[in-house]
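Q: let me see the structure of the following:
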Amino acid sequence: MRCDRAGIKQLLAPWDYHPEAVETYGRAMEAAMGHQQARAVLEGTVQAYQAGEPVDIKGVLAQMDTFAAPCGQSPYTMRMMPYLCLLEPARAKYAAAGLEEGIYHDSFADLLWKTRECHRIYGVWGSFVAAWFYRFFELKCFALDRLQFELTDFRADAPLNRGERVINVHVPSCGPLREDDCEASYARAAAFFQMEDRTGGVPFVCDSWLLHPLCAGLGETSGIRRFAARYRLLYVIDDPGYGDMWIIFGRPWDGKPDGLPEDTALQRLFKERLRAGGSVGRGYGLYLRNT
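A: The predicted structure is shown next:
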């Protein structure tokens, strides 16, 4: 990979990045490669990844934070540098595993979704949830059309056995949740993970604020409500840090519910609960899909 602005522009061309984001990442990469220690960390990360060696991605990201100020960049921007360096090696790994180019493209579009989220919330091109990405590089999580999936262990006592392998569902913030799009994703995931013939149905689980009981108060045509309706809610997890409120309200939670926007039905539902001192969080649910 060419580690300059032109190289970054070429690297990110398959995805619809804002020109300012491409310029920011190109400038940050040039700064990182001009910093001896940052360059050594990035090159070492690529070498380890290509060799199939373990990568302490959280440690790498923490080091990027320390290089942010000397490189004149936001830590959120610098946390993207290891991933940009790994994009092409990851493409080779996907190809070697027999995965089609479309799966690679759609899976790593998640870097784009998180770049947009970071700019929307903090006004910075980068990521504030960068540790999340590495599962795509490890070939553990894949975008299959609208939704993302990875194998995981069942985390309840019934109706399946605790620890039983199930397909975990992630919902990227890349547009509306249309029922037909989700159904196509579920069907593709069942085939991808070779669970089409699973007795009792293919087990999908989701651990998300989308499954919080509050979302049942949305209108019948709501994509969120229809998405959640497929799942049998097994339990609700209260979130004392209100970590997902930025997704709903488009800004970090500051502990002051009165100042939150109420432009959508979803925002009004959650704001009312917060103003009343109620708990919010996420639900854990199971969807047994018949094939």
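Q: where in the stretch 101-250 of the chain is pLDDT low?
A: In the prediction, the stretch 101-250 of the chain carries no residues with pLDDT under 70.
Q: which residues in it form strands?
A: 141-144, 147-153, 165-170, 202-208, 232-238 (DSSP state E, counting those that start in this stretch).
Q: counting by contacts, list what the first one packs against.
A: This points to strand 141-144. Of the remaining helices and strands, those touching strand 141-144 by 3 or more CB pairs under 8 Å, 6 or more residues apart in numbering; DSSP states H and E are helix 101-122, strand 147-153, helix 179-192. Placement of C-beta: from N, CA and C, glycine included.
Q: report the buried residues of it.
A: 141-144 (16 or more other CB atoms under 10 Å).
Q: ok, residues contacting it?
A: Around strand 141-144, the neighbours that count as contacts under CB atoms under 8 Å, 6 or more residues apart in numbering are 99, 103, 106-107, 109-110, 135-136, 148-150, 170, 172, 185, 188-189, 192.
Q: burial count for Arg251?
A: The number of residues packed near Arg251 is 14, by other CB atoms under 10 Å.
Q: which ones are touching it?
A: With CB under 8 Å, 6+ apart, Arg251 has these contacts: 121, 261.
Q: need the pLDDT of it.
A: In this prediction, Arg251 carries a pLDDT score of 89.
Q: before we move on, what about Met1?
A: So, for Met1, pLDDT stands at 61.
Q: and the lengthiest strand in the chain, which strands flank it?
A: Longest strand in the chain, counting residues (DSSP state E): strand 281-289. Sheet pairing of strand 281-289 (DSSP bridges) gives strand 202-208 (antiparallel), strand 232-238 (antiparallel).
Q: return the most buried member of those strands.
A: Of the strands paired with strand 281-289, the one with the most neighbours on average (mean count of other CB atoms under 10 Å) is strand 202-208, at a mean of 21.
Q: quick one, that strand and strand 165-170 angle?
A: 40 degrees (axes from the mean of the first three to the mean of the last three CA atoms, to 10 degrees).
Q: Throw together a PyMOL command that grabs the buried residues out of the contacts of strand 141-144.
A: Selecting only the buried entries of those in PyMOL, with 16+ other CB under 10 Å as the criterion:
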select buried, resi 99+103+106+107+109+110+135+136+148+149+150+170+172+185+188+189+192
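Q: one step back: can you give the distance of the longest strand of the chain from its chain's centre?
A: Distance of strand 281-289 from its chain centroid, counting by CA atoms, centre = their mean, to the nearest Å, is 18 Å.
Q: perfect, that will be all.
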